[in-house]
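*Asks:* structure for this input, please:
(chains A and B)
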Protein chains: 2
Amino acid sequence: GYSQLPRSLDGLAAAPEWPMLRALLPSMAGLRVVDLGCGFGWFCRWARQAGAAHVLGLDVSENMLARARAEPQDEALIYRRADLEQLDLPPAAFDLAYSSLALHYIDDLERLLATVRRALAPGASFVFSIEHPIFMAPRQPAWITDAQGRRSWPVDSYQAEGPRRTSWLTDGVLKYHRTLGTTLNLLIRQGFIIRHVEEFGPSEAQIAQQPELGQERERPMFLLVAAEPT
Amino acid sequence: GYSQLPRSLDGLAAAPEWPMLRALLPSMAGLRVVDLGCGFGWFCRWARQAGAAHVLGLDVSENMLARARAEPQDEALIYRRADLEQLDLPPAAFDLAYSSLALHYIDDLERLLATVRRALAPGASFVFSIEHPIFMAPRQPAWITDAQGRRSWPVDSYQAEGPRRTSWLTDGVLKYHRTLGTTLNLLIRQGFIIRHVEEFGPSEAQIAQQPELGQERERPMFLLVAAEPT
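*Replies:* Numbers count the residues shown, from 1 in each chain, chains lettered A, B, ... in the order given. I've put the predicted structure just below:
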C-alpha cells in the first residue's frame, strides 16, 4: 500500500515533483498552514521547520495520522481526521492551503474549493498537485513501446470526465478525472486567481540520478497549481 | 492548402470549436477589435456584423488577405499584412484581441503577448485558440486503433518544447510546441489574468451531425483561452 512508496518512507526528497512544488510556495515564516491530505505528515513537518506558525494536517486515513502523530511532538502541529468531501474549516484562518496528490480522489471538488477559498485569509496562497489529467484519463493506462524502444502514452477518454478505477497499489482505487480546463475553471469560479501552472516532467539532473524517470519526459505526469484568492 | 479546408470555404460554421470560442467572447457592440491571423476574414466580418466599431485583421499571407479584401467593402474593416513575430500595435487601442489557430506558429510567443497586452485598453479581452499541446507534442502524430476499434492518441515528447515539423496540408509546416503550463505562465507573466480555459471536445450533438468528430472525445484537440489585462 501507500506506506511502502518511496515518498511515504523517505518523504519529500523521494517525490520528484517536490522541488517544482516547493518553488511555488511562499516563505513559510509565520504562516498558518492547512495540509489537505497530509498522509504521514512529511510536508507538515517541513512547513514547521521552515518557520510556519502552526500547521493543521488533515487526512481521511487514521493509519496515516497515527504514523504522523508518532513523530516527536510539536504543539503547533495538529493532525485531524477529515473527509475532504465533507470538510469544514473556519473562515479566513489560514495563509497557505497545501495539497499533494489528494484532490484527484475528490468527487465534489467544487465544494472543497469553496471551503478552501473561505478558509484563506487575504493575501493567502493555495498550492497543490494532482495527477495530470493526461495521466489519469485512459481507461486502461499503460505505456506502449515502439520497435526502437521509444515510449509513448496513449490517451483516450480525455473528454469523458468522471470516475476512474485503477489497480494501482490496491485494486479498485477510485479517482475522478477532470480535464485541466475544468480544474482551472472551478478554481476561477470559486474566487481564485491562477498564479502558476506546472506540468511536472523530470529535469536532466533528476534523470541522471534516477534513469527510470526518463520516460516522464514523454507525458505530463503531475499538474501543479499555485493560486491565490481574488 | 488552407484554402480548401472546410473552415476556409464555409467559415466559422465549419469550425467545430467555434461555438465554444464564441461563448468566451464579450459582446461585440462598439468594440475595437484586432484579429491576429485573420486568414480569409471570417471572424472579422462576423465581429462587424455583431456590432464591433472597427476591426483590424492581420495576416502574414497576402493571398489570404487578397481573398478577405475581395468581400464587399466595409470601411470599418481594415486588413493589413503583418508578421506576428515582429508585430507592433498602438498602445491601449483595442478592446478585444482575438486569434484563431495562429499562435502555435509563433516562435517568440512572449514578445507577441507583451505586444498584445500593451495594445489592450482597460477592461479589454484576449480570446484565442491554438492546437492543444497534447495534439501537437508527438514527433509522429497518429491515432492508433485497438482490436475493438477504439482509438487512442499516443503522446510523446510532451516535455520537449520547441519546433515541430509536420506534413499537414503541405510538407514541413513549422509549429512550436509549448506545454499548456508554459502558455498560461507566459500570459500571467505578461500581465494577463486567466478567465477561462477550454480544451475542445465535440458535443454529442456535433458528433450526431458529423460522426468523424467522435474520435475527438478521446483527446484534447484545441486549447481555448480567455484572458484579460490585470
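
*Asks:* okay, which residue is most central for chain A?
*Replies:* Nearest residue to the geometric centre of chain A (Cα atoms, centre = their mean): A:S100, 2.2 Å.

*Asks:* got the contact list for it?
*Replies:* A:15, A:21, A:35, A:37, A:39, A:43, A:128-129 (Cβ atoms under 8 Å, 6 or more residues apart in numbering or on different chains). C-beta: built from backbone N, CA, C; applies to glycine.

*Asks:* same thing with A:L25?
*Replies:* Counting by Cβ under 8 Å, 6+ apart, A:L25 has contacts A:96, A:98, A:125, A:127.

*Asks:* so what pLDDT did it get?
*Replies:* Listed pLDDT for A:L25 reads 98.

*Asks:* for the spatially most distant residue from the centre of chain A, give its distance to chain B.
*Replies:* What lies farthest from the middle of chain A is A:A147; by Cα atoms, centre = their mean that is 35.2 Å. Per Cβ to the nearest Cβ, to the nearest Å, A:A147 is found 13 Å from chain B.

*Asks:* same thing with A:A52?
*Replies:* 26 Å.

*Asks:* also A:P202?
*Replies:* 8 Å.

*Asks:* rewinding a little: helix, strand or coil for the residue farthest from the centre of chain A?
*Replies:* coil (DSSP: H, G, I helix; E, B strand; the rest coil).

*Asks:* got the phi/psi numbers for it?
*Replies:* With angles defined as degrees, to the nearest 10, A:A147 sits at phi -60, psi -30.

*Asks:* same check on the one 4 residues further on?
*Replies:* When quoted as degrees, to the nearest 10, the phi and psi of A:R151 stand at phi -100, psi 150.

*Asks:* do I have it right that it meets A:W143?
*Replies:* Yes - using Cβ atoms under 8 Å, A:R151 makes contact with A:W143 at a distance of 4.9 Å.

*Asks:* and these two? Which one has more around it.
*Replies:* A:R151 (16 against 13; other Cβ atoms under 10 Å in any protein chain shown).

*Asks:* partners of the more buried one in the sheet?
*Replies:* A:T145 (DSSP bridges).

*Asks:* same check on A:R165?
*Replies:* Under the criterion used (DSSP bridges), A:R165 bridges to A:L174.

*Asks:* which residues touch it?
*Replies:* A:172-175.

*Asks:* can you pull out the strands in chain A?
*Replies:* A:32-36, A:54-59, A:77-81, A:94-100, A:120-131, A:144-145, A:151-155, A:162-166, A:173-177, A:192-199, A:222-229 (DSSP state E).

*Asks:* next to chain B, which bits of chain A? Give me the list.
*Replies:* A:134, A:138, A:144, A:150-160, A:179-181, A:184-185, A:188, A:193-199, A:201, A:216-220 (Cβ under 8 Å from any Cβ of the partner chain).

*Asks:* only whichever of those residues are buried, select them in ChimeraX.
*Replies:* Remark: buried members of the residues of chain A next to chain B, expressed as a ChimeraX selection using 16 or more other Cβ atoms under 10 Å in any protein chain shown:
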select /A:134,138,151,152,153,154,155,156,157,158,159,179,180,181,184,185,188,193,194,195,196,197,198,199,201,216,217,218,219,220
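
*Asks:* burial measure for A:I207, as a count.
*Replies:* A:I207, neighbours per other Cβ under 10 Å, totals 17.

*Asks:* ditto for A:E204
*Replies:* 9.

*Asks:* one more: A:L109?
*Replies:* Around A:L109 there are 21 residues (other Cβ under 10 Å).

*Asks:* for it, give me its contacts.
*Replies:* Residues near A:L109 by Cβ under 8 Å, 6+ apart: A:103, A:176, A:178, A:183, A:186.

*Asks:* is it true that A:P133 touches A:H177?
*Replies:* Yes - assessed by Cβ under 8 Å, A:P133 is found in contact with A:H177 at 6.0 Å.
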